[in-house]
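Colleague: Need a 3D model of the sequence below.
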Amino acid sequence: MPTVVCPICGRPTDRLIEGMCESCYLERHPVLEIKRFNVVKCRYCGALYVRGRWIRPGRESERALLERLLRDSVKAGGRLLSVDVEASGDKVVYRISGVGSPHELIEPRRFSAQYIADVVLDVCPDCRRNIWGSERGLLRIKGFPDELDDRDFVKIESILEHIAFEARGKNLGSVISVERVGRSIEISTTEPRLARHMAHRIHEIVPSDYVESYKKLGRRKDREIYHYTATVYIITVKKGDVVKRGSSHYLVLDVGRDGVYVVDISSGGRARIPLHRFTEVKTERIGAGVKGEVRGGVFADTEGRIEVDAGGSRDGAAYYVEIGDRRYIVPI
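Modeller: Residues are numbered from 1 along each chain as shown. Here you go, the predicted structure:
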């Protein structure tokens, strides 16, 4: 006989599971969840994009690769008994059955579901090279002094989409591939001028430095053929960071397209370091200052959690910085 009432739906039940009845728990914790995905397929060779790389059906059949795509996107509170795959044109239909339970207090039950994935046609790097020719431009995008993080990747990918839109119809060449290599991005192009255009546009849009080089490949008819390589270093420090350059420590006041604005923490001297100079010296980000204000000889951060004797520092906005066992109040 029911002894409690579910606080969510109001129905009587024998027991509560994490504060709700079994029905409410199942609504909020389904036995099977499928993360939305598309099937990316090369329009020329039929290779499928699986786990970050292109795989042509061979040792592994196309059906097995399609099933692997599904299993990578499935979260099941149990085991899958069967996966039926039906590929037709621009759709792949999956029919799934299994048995399981989302919680140890709920009896395992059979479940079934259907998922329809769109087929997105693309061109794999091998086919790009076969169709458009060999690589003649290479652009590498890296971070300095830190490696690129996930937010940097999102920003760069958005910029690259914008540049690709701008370059339409300008006869600059084609992109062969865009790949993440560790915490950097490498872009191969069929023409040097496209890689150079992309490097210069990225440099114009975000604080960065770049180096470039040309290598002569040979001669075709009446013109020489070159390979172009560029590396763009995205400046990854931000306002408030503390960096070490050589034996000196600096607080970053701002980062712009014309340089990194810093203050020497020991001397208080301010400087603008041009971006091409900033990347020439080994730089290490060692922490960040705490922004606040000095009033009556006392520094307090903006949230009121830190109060420090500011010595003879003048009243006004400042940063509190700790380096080893030393403490500094840096006026801004």
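Colleague: Quick check: the nearest residue to Glu147 once chain neighbours are set aside vs Arg285, distance?
Modeller: Of all residues not flanking Glu147 in the chain, Arg183 sits nearest, at 3.7 Å (CB to CB, 6 or more residues apart in numbering). In short, each C-beta sits where N, CA and C put it, glycine included. Per CB to CB, to the nearest Å, Arg183 is found 15 Å from Arg285.
Colleague: strands paired with the helix or strand containing Val119, and their directions?
Modeller: Under the criterion of DSSP states H and E, Val119 resides in strand 109-122. Strand 109-122 pairs in its sheet with strand 39-42 (parallel), strand 91-100 (antiparallel), by DSSP bridges.
Colleague: Figure out which of the ones you listed is closest to Ile163.
Modeller: Closest to Ile163 of the strands paired with strand 109-122 is strand 39-42 (CB to CB; 22.1 Å).
Colleague: Tell me which residues are up against the next helix or strand after the closest one.
Modeller: For strand 39-42, the following helix or strand on the C-terminal side (DSSP H and E) is strand 48-50. Outside of strand 48-50, the residues within contact range by CB atoms under 8 Å, 6 or more residues apart in numbering are 39-42, 54-57, 62, 65-66, 68-69, 72, 122, 124.
Colleague: switch to 10 Å and redo it
Modeller: Applying CB atoms under 10 Å, 6 or more residues apart in numbering, the contact partners of strand 48-50 are 38-42, 54-57, 60, 62, 65-66, 68-69, 72, 119-120, 122, 124.
Colleague: tell me the mean pLDDT for stretch 305-313?
Modeller: Mean pLDDT, computed over stretch 305-313, is 81.
Colleague: residues near the residue nearest to Glu147, how many?
Modeller: Residues near Arg183, counting by other CB atoms under 10 Å, number 14.
Colleague: got it, and His249?
Modeller: His249, neighbours per other CB under 10 Å, totals 21.
Colleague: List the residues that contact it.
Modeller: 242-243, 262, 264-266, 284, 286-287, 321, 323-324, 326, 328.
Colleague: Separate out the buried members of those residues.
Modeller: Using 16 or more other CB atoms under 10 Å as the burial test, these include Val242, Val243, Val262, Ile265, Val321, Tyr328 as buried.
Colleague: Please, where are all the helices along the stretch 1-150 of the chain?
Modeller: In the stretch 1-150 of the chain, the helices defined using DSSP state H, counting those that start in this stretch lie at 22-28, 62-72, 125-132, 150-166.
Colleague: Got the domain ranges for this structure?
Modeller: Segmentation of the chain into domains, based on automatic domain parsing, reads 20-122, 133-235, 241-331.
Colleague: Format these as CSV; extra columns: distance to Pro7.
Modeller: Below are these laid out as CSV (distance: least, CB to CB, whole Å):
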stretch, distance to Pro7
domain 20-122, 7
domain 133-235, 38
domain 241-331, 36
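Colleague: okay, and the helix or strand of this structure with the least pLDDT?
Modeller: Ranked by mean pLDDT, DSSP states H and E, the helix or strand of the chain with the weakest confidence is helix 125-132, at a mean of 71.
Colleague: Which one of the strands paired with strand 109-122 lies nearest to Leu160?
Modeller: Evaluated with CB to CB, those place strand 39-42 nearest to Leu160, the distance being 17.9 Å.
Colleague: Can you give the distance from the closest one to the centre of its chain?
Modeller: Relative to the chain's own centre, strand 39-42 is displaced by 22 Å; criterion: CA atoms, centre = their mean, to the nearest Å.
Colleague: mind showing which ranges of the stretch 151-300 of the chain have poor pLDDT?
Modeller: Scanning the stretch 151-300 of the chain for pLDDT under 70 picks out 220-222.
Colleague: Could I get the full set of strands for it?
Modeller: Ranges of strands in the stretch 151-300 of the chain, per DSSP state E, counting those that start in this stretch, are 175-181, 184-189, 208-220, 223-235, 241-245, 248-256, 259-264, 270-273, 283-288, 290-295, 298-301.
Colleague: Of all the ones you listed, which one is nearest Gly312?
Modeller: Set against Gly312 and scored by CB to CB, those come closest in strand 290-295, at 10.0 Å.
Colleague: Next one, pLDDT for Leu124 please.
Modeller: I think there's a mix-up here, since residue 124 is Cys and not Leu. For Cys124, pLDDT reads 83.
Colleague: Pull the number of nearby residues for it.
Modeller: Cys124: 23 surrounding residues under other CB under 10 Å.
Colleague: do Arg314 as well
Modeller: If we define neighbours as other CB under 10 Å, then Arg314 has 10 of them.
Colleague: What of Ile141?
Modeller: Using other CB under 10 Å, Ile141 is surrounded by 27 other residues.
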